[in-house]
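J.: fold the following.
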Amino acid sequence: MTTPARSRSLADPTRRTFLKTAGALGAAAGIEGVLAARRAPALAQGTRIHLLQWVDFIPEGDVEVRRQVAEYGKQANVEVVFETINANDLQARITAAIQSGSGPDIIMMLHNWPHLYAGGLADVGDVCEWKAGDQGGYYPHSEAAARLGKKWLALPYGTGAPLIAYRRSWFAEVGASQPPRTLEEYKKIGIALKAKGKPIGQTLGHTFGDAPAWTYPFTWTFGGAETDPSGKKVVLNSKGTIEAVKWMTAFWKAACDESALAWDDTNNNRAFHANEIAATLNGASIFIFAKRNPDKVKDEKGEPMWQDIAHMAIPDGPHGPTPPYAVAFSHGLMKYSKNQKAAKEFLKWLHGKDAFGKWFEIENGYTVGSTTFWEKHPMWDRVDDALKPFRTSMRGTRMLGYAGPPTAKATEVYTKYVITDMYAKAAQGVAPAEAVRWAECELKKIYEA
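T.: Model (predicted):
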């Protein structure tokens, strides 16, 4: 969720902006000087930058961002307002801000939202190309989410790469000493666990991460796709998609907690920590929170639960390895912002190796980098074994809209939760073929209108 051309240098206005503050920095002009000096450029007094992000699933991550924006504010003589809201409320705020022409200067984007809001975003190509050259090049999905043709719509920030968190001892109780290799094996384990009152927990609700990160890969691994490679013709109603919905329906009823239908991205974390479910697709937050709060999160024996948590990828489907879907995060600079130059300088500082590296280590594998540089970070040699799979979990990510490009139309399909609802309808009793036909009609309204 391949690397962009990086020959273009930073734009001249950025150089001039820095030269005005070179005396304060005592370093060369441009972003290279900012990073070398490890301090922010001095900006005009009274400048105010408003940053809006989601509420991080790693609370310490938000604490670190608040520390960093305070540090930047003092160095650059600029006020940085850091606001957080629930991720499921971000799109409503983005829409309202664009329609009103006012709001935060910088807003966190998830998935390929930048394509949907392209008309309201400022060009950040100079910053994007600097980062790609500085930090190893972007993962294909991170670039695809934030770039439209030659235009950069947003600055890639990081990646949320979900894996299945599971209880090792509970799996061992039903004969699974190793993680399952195939979906069929996973279903057998899930059936046995549900019979013991320890089901799989999986949402099919209207929530930003866990539901699409399950339903999109599930469709792909059975051979289904939204569109043909052109992105113009809907091909969802296929044998592969119908088989995916049939299999998922059987799995849901036999192995899953059926009350989880409308869970959001927080419910499964709480259910896992409460010893109510045996496994769930999630980021690293379940493990990290349990490890950092051993007195709060305990297993049924009263022992710290983190010791019993491991992670695995979604098992192989009928056609081989299941392609993952990692959620791309980016920062969109709003076109209506009256402080675009200052906001770019702030983004360069926030995304620089020093500031981002400190935040990256606190995230501990929950949010990984948008560039390949961060796979080589020394942190990975220090993390618990349970977290090591997250190091490369984003590789091979397909994007919304597959087999077509990640267009605004693909984002609209995601925003309306068409693919997720296709599975939810079947789980609630609609015949799989009928659920697929419904989704096909909804996709045609969007892609072929």
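
J.: ok, the residue positioned nearest the centre of the chain - contacts?
T.: In the chain, the residue lying closest to the centroid (C-alpha atoms, centre = their mean) is Val327, at 2.6 Å. For Val327, the contacting residues are Met1, Leu110, His111, Thr159, Gly160, Ala161, Pro162, Phe208, Gly209, Ala213, by C-beta atoms under 8 Å, 6 or more residues apart in numbering. Glycine gets a C-beta too; all of them are placed from N, C-alpha and C.

J.: helices along the stretch 301-449 of the chain, start to end?
T.: Here the stretch 301-449 of the chain has its helices, by DSSP state H, counting those that start in this stretch, at 340-351, 353-363, 379-382, 408-415, 418-427, 432-447.

J.: for the second one, name the packing helices and strands.
T.: Contacts of helix 353-363 with other secondary structure elements, assessed using 3 or more C-beta pairs under 8 Å, 6 or more residues apart in numbering; DSSP states H and E, are made with helix 59-76, strand 367-369.

J.: of all those, which one is nearest Lys344?
T.: helix 59-76 (12.2 Å; C-beta to C-beta).

J.: give me the sheet partners of the next helix or strand after the closest one and which way each runs.
T.: Counting by DSSP states H and E, the element after helix 59-76 in chain order, helix or strand, is strand 79-85. Its sheet considered, strand 79-85 pairs with strand 48-54 (parallel) by DSSP bridges.

J.: what about the strand it pairs with, average pLDDT?
T.: Mean per-residue pLDDT for strand 48-54: 97.

J.: let me know the pLDDT of the residue nearest to the centre of the chain.
T.: Listed pLDDT for Val327 reads 96.

J.: going forward, the N-terminal residue is numbered 194.
T.: In the new count, where the first residue is 194, that last one comes out as Val520.

J.: run through the residues that contact the closest residue to it other than its chain neighbours.
T.: Once flanking residues are discounted, Val520 sits nearest to Gly353: 4.2 Å by C-beta to C-beta, 6 or more residues apart in numbering. Applying C-beta under 8 Å, 6+ apart, we find Gly353 in contact with Gly402, Gly476, Ala519, Val520, Phe522, Tyr559, Thr560.

J.: please pick the buried ones from those.
T.: In the contacts of Gly353, burial by neighbour count holds for Gly402, Gly476, Ala519, Val520, Phe522, Tyr559, Thr560, counting by 16 or more other C-beta atoms under 10 Å.

J.: switch these over to CSV; also include distance to Pro511.
T.: Formatted as CSV, the buried ones among the contacts of Gly353 follow (distance: C-beta to C-beta, whole Å):
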residue, distance to Pro511
Gly402, 25
Gly476, 27
Ala519, 22
Val520, 25
Phe522, 32
Tyr559, 31
Thr560, 32
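
J.: and which of the residues you listed is nearest Lys551?
T.: Minimum distance to Lys551 across the buried ones among the contacts of Gly353 is 13.0 Å, recorded for Thr560 (C-beta to C-beta).

J.: now do the same for that closest one: its pLDDT.
T.: What the model reports for Thr560 is a pLDDT of 96.

J.: ok, it touching Ala519?
T.: No: between Thr560 and Ala519 there is no contact under C-beta atoms under 8 Å: 10.4 Å.

J.: now do the shared contacts for the two.
T.: Counting by C-beta under 8 Å, 6+ apart, the residues touching both Thr560 and Ala519 are Thr352, Gly353.

J.: how about the strands in this protein?
T.: 241-247, 272-278, 299-303, 340-341, 344-345, 348-353, 356-360, 472-475, 502-505, 520-526, 560-562 (DSSP state E).

J.: so what's Leu397 up against?
T.: Listed by C-beta under 8 Å, 6+ apart, the contact partners of Leu397 are Ala404, Trp407, Thr408, Trp445, Ala453, Leu454, Ala455, Thr613, Tyr616, Ala617, Ala620.

J.: around the closest residue in space to it that isn't next to it in sequence, how many other residues sit close by?
T.: Leaving aside its chain neighbours, Leu397 sits nearest to Ala617 (4.1 Å; criterion: C-beta to C-beta, 6+ apart). By other C-beta atoms under 10 Å, the residues close to Ala617 number 22.

J.: residues contacting Ala617?
T.: Contacts of Ala617 (C-beta under 8 Å, 6+ apart): Leu397, Gly398, Leu454.

J.: what comes up buried for stretch 554-564?
T.: Ile555, Glu556, Asn557, Gly558, Tyr559, Thr560, Val561, Gly562, Ser563, Thr564.

J.: was I right to think the last one contacts Ala325?
T.: Yes: the pair Thr564 / Ala325 is scored as a contact, 6.8 Å apart, by C-beta under 8 Å.

J.: which intervals of the chain have sub-threshold pLDDT?
T.: 194-238 (pLDDT under 70).

J.: let's see that with 90 instead.
T.: Low-confidence segments of the chain (pLDDT under 90): 194-239, 329, 354, 642.

J.: show me it divided up by domain.
T.: 205-353+519-584, 356-518+609-640 (automatic domain parsing).

J.: turn the ones you listed into JSON lines, including distance to Ala596.
T.: Listed next are the domains of the chain as JSON lines, based on distance: least, C-beta to C-beta, whole Å:
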{"stretch": "domain 205-353+519-584", "distance to Ala596": "13"}
{"stretch": "domain 356-518+609-640", "distance to Ala596": "4"}
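
J.: closest one to Pro599 among the ones you listed?
T.: Smallest distance to Pro599 across the domains of the chain (C-beta to C-beta): 4.2 Å, for domain 205-353+519-584.

J.: quick check: buried residues in stretch 427-445?
T.: Quick answer for stretch 427-445 (16+ other C-beta under 10 Å): 427-431, 433-442, 444-445.

J.: what's that stretch in contact with?
T.: Here stretch 427-445 has contacts from 376, 379-380, 383, 393, 395, 397, 408, 411-412, 414-421, 451, 511, 596, 615-616, 619-620, 625-626, 628-630, 632-633, 636-637, 640-641, using C-beta under 8 Å, 6+ apart.

J.: what distance separates that stretch from the centre of its chain?
T.: The gap between where stretch 427-445 is centred and where its chain is centred comes out at 25 Å by C-alpha atoms, centre = their mean, to the nearest Å.

J.: tell me who's in contact with the closest residue to Lys446 other than its chain neighbours.
T.: Counting by C-beta to C-beta, 6+ apart, Ala620 is the residue found nearest to Lys446 once chain neighbours are left out, at 7.6 Å. Ala620 sits next to Leu397, Met441, Thr442, Trp445, Lys446, Glu451, Leu454 when contact means C-beta under 8 Å, 6+ apart.
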